[in-house]
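Visitor: Next input, structure requested:
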Amino acid sequence: MQSLPRALRREPPGCLAEAEIAAAVLAWYDRHRRSLPWRAPPGVPPRPYVVWLSEIMLQQTRVEAVKPYFENFLRRWPNVAALAAAPLEAVMQQWAGLGYYSRARSLYACAQAIVAEHGGNFPTSEAALRALPGIGRYTAAAIAAIVFGQKAAAVDGNVERVLARLEALDVPLPAAKPLLAEKAARLVPDERPGDFAQAMMDLGATICTPRRPACGICPLHSRCRAAAQAMPEDWPRKRPKATRPHRRGAAFVLRRGDLLLLRKRPPRGLLGGMTEFPSTIWTDFYDPLTAVHAAPLVADYRRLPQAIAHVFTHFSLSLDVFLADVESEAPAGCRWVRDADLEAEALPSLMRKVAAAVRSSGW
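Guide: Next comes the predicted model:
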């Protein structure tokens, strides 16, 4: 078995002792914990449904963006049974704009599995939680620690950054992930593992930030090897980023009186199950001069002068928008929707940009 780098080996007593680090982090958390809609106040048992819902929503998404979605979901579906009984289309519509739409489908599948297989109760072990749809290693550990008080290490990007700087670990991500997970597991205290998990999240989100970390007020400043070198932003080490590919395509906004033509995307893949204005395939070989050949209806199209710019995780996109008035019936796979009802549709952010651009054009 490969030995750990020196920075991750167990240290002698008094030097980066795990218990001292945990105690310092918890003491800081008791004074500076964030007040979040999904976080139970001190002394109040956390609700499994609330913690699970927030953790799924927070994956790859900022806290401020999640808050209104979380509150609306909780108001509409106050428990896992209510969510499991909802129509999938309603869940997708409520999620619209939050992005990473596979999370919404997994959220719905998980709610149904909890009701069908566990009587509406969340399983308490990490292993059983990980067996549920959409719950990975981090989410299972977070729920196990925060809700059920288990000694589980919840390691997300914030925690990885804190630990990589604490140790000044020169192994780049993602290769460093197993080493950081092992270090995190050693740090989890026997008492208050849930508070420790949330404390590490808060520390990474508010103090040990990617840019301009507030080292002077960090509870681990005196123990941090990256801070000692006055170069905390140099960690965690990362491999050079690959160039993000760019794709192009077209969207067709067709109007019949006060109706707009929409269709539903396939259930799997990018923006799976969401509603869109009919569009071409998004590709490197898109030709705007022949784009209308892929339109759902033959019409006299005009193109908006400015393409819609959007960035996905793995590529950026420029989307031309073509407009036309028609009198035709909806083609196969499409449907007419009143313009006034557009906000109630499960439109992803990209398609909301398209709708906004069309309205701004005065069409």
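Visitor: Tell me the buried residues in stretch 206-225?
Guide: The neighbour-count criterion (16 or more other Cβ atoms under 10 Å) identifies 206, 207, 208, 213, 215, 218, 219, 220, 221, 223, 224, 225 as the buried residues of stretch 206-225. C-beta: built from backbone N, CA, C; applies to glycine.
Visitor: typo on my end, stretch 349-363
Guide: Neighbour-count burial for stretch 349-363, counted by 16+ other Cβ under 10 Å, picks out 350, 351, 353, 354, 355, 357, 358.
Visitor: Can you give me the separation between the first one and residue 309?
Guide: If I follow you right, that is residue 350. Using Cβ to Cβ, to the nearest Å, one gets 10 Å for the distance from residue 350 to residue 309.
Visitor: And for the fifth one?
Guide: The span separating residue 355 from residue 309 equals 15 Å under the rule Cβ to Cβ.
Visitor: Could you do residue 220 as well?
Guide: The span separating residue 220 from residue 309 equals 40 Å under the rule Cβ to Cβ.
Visitor: repeat for residue 271
Guide: When distances are taken as Cβ to Cβ, residue 271 and residue 309 turn out to be 16 Å apart.
Visitor: Likewise for residue 301?
Guide: Using Cβ to Cβ, one obtains 21 Å as the distance from residue 301 to residue 309.
Visitor: now do residue 291
Guide: Using Cβ to Cβ, residue 291 is found at 17 Å from residue 309.
Visitor: The stretch 251-363 of the chain: strands as residue ranges?
Guide: 259-264, 275-276, 302-303, 308-311, 316-325, 334-338 (DSSP state E, counting those that start in this stretch).
Visitor: Serialize those strands to TSV and add fields for mean neighbour count.
Guide: Below are these laid out as TSV (neighbours: other Cβ atoms under 10 Å):
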stretch	mean neighbour count
strand 259-264	19
strand 275-276	20
strand 302-303	13
strand 308-311	14
strand 316-325	19
strand 334-338	15
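Visitor: so can I have a markdown table of those strands showing distance to residue 126 and mean pLDDT?
Guide: Conversion of the strands of the stretch 251-363 of the chain to a markdown table gives the following (distance: least, Cβ to Cβ, whole Å; pLDDT from 0 to 100):
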| stretch | distance to residue 126 | mean pLDDT |
| --- | --- | --- |
| strand 259-264 | 36 | 95 |
| strand 275-276 | 36 | 94 |
| strand 302-303 | 53 | 94 |
| strand 308-311 | 34 | 95 |
| strand 316-325 | 37 | 96 |
| strand 334-338 | 44 | 95 |
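Visitor: could I get those strands as CSV with distance to residue 102?
Guide: Shown next, in CSV, are these (distance: least, Cβ to Cβ, whole Å):
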stretch, distance to residue 102
strand 259-264, 15
strand 275-276, 16
strand 302-303, 32
strand 308-311, 17
strand 316-325, 18
strand 334-338, 24
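Visitor: For residue 362, find the nearest of those.
Guide: For the strands of the stretch 251-363 of the chain, proximity to residue 362 was assessed by Cβ to Cβ; strand 316-325 is nearest, at 10.8 Å.
Visitor: Put the alpha carbons of that closest one into PDB.
Guide: Listed next in PDB are the C-alpha coordinates belonging to strand 316-325 (Å, rounded to 0.1, in the frame of the first residue of the first chain):
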ATOM      1  CA  SER A 316     -20.200  27.100 -23.600                       C
ATOM      2  CA  LEU A 317     -23.000  27.800 -26.000                       C
ATOM      3  CA  SER A 318     -24.100  30.500 -28.500                       C
ATOM      4  CA  LEU A 319     -27.800  30.100 -29.400                       C
ATOM      5  CA  ASP A 320     -29.300  32.000 -32.300                       C
ATOM      6  CA  VAL A 321     -33.000  32.800 -31.900                       C
ATOM      7  CA  PHE A 322     -35.300  32.600 -34.900                       C
ATOM      8  CA  LEU A 323     -38.900  34.100 -34.700                       C
ATOM      9  CA  ALA A 324     -41.900  33.400 -36.800                       C
ATOM     10  CA  ASP A 325     -45.700  33.800 -36.800                       C
END
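Visitor: Just the element for residue 73, please.
Guide: When secondary structure is defined by DSSP states H and E, residue 73 falls within helix 63-76.
Visitor: now that helix, how far from the chain's geometric center?
Guide: Here helix 63-76 is found 13 Å from its chain centre; the criterion is Cα atoms, centre = their mean, to the nearest Å.
Visitor: list the helices and strands it packs on?
Guide: helix 48-58, helix 88-95 (3 or more Cβ pairs under 8 Å, 6 or more residues apart in numbering; DSSP states H and E).
Visitor: what would these look like in JSON lines with mean pLDDT, distance to residue 314 and mean neighbour count?
Guide: Below are the helices and strands packed on helix 63-76 laid out as JSON lines (pLDDT from 0 to 100; distance: least, Cβ to Cβ, whole Å; neighbours: other Cβ atoms under 10 Å):
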{"stretch": "helix 48-58", "mean pLDDT": "97", "distance to residue 314": "21", "mean neighbour count": "22"}
{"stretch": "helix 88-95", "mean pLDDT": "92", "distance to residue 314": "20", "mean neighbour count": "18"}
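Visitor: need those helices in CSV with distance to residue 103, can you?
Guide: Listed next are the helices and strands packed on helix 63-76 as CSV, based on distance: least, Cβ to Cβ, whole Å:
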stretch, distance to residue 103
helix 48-58, 6
helix 88-95, 8
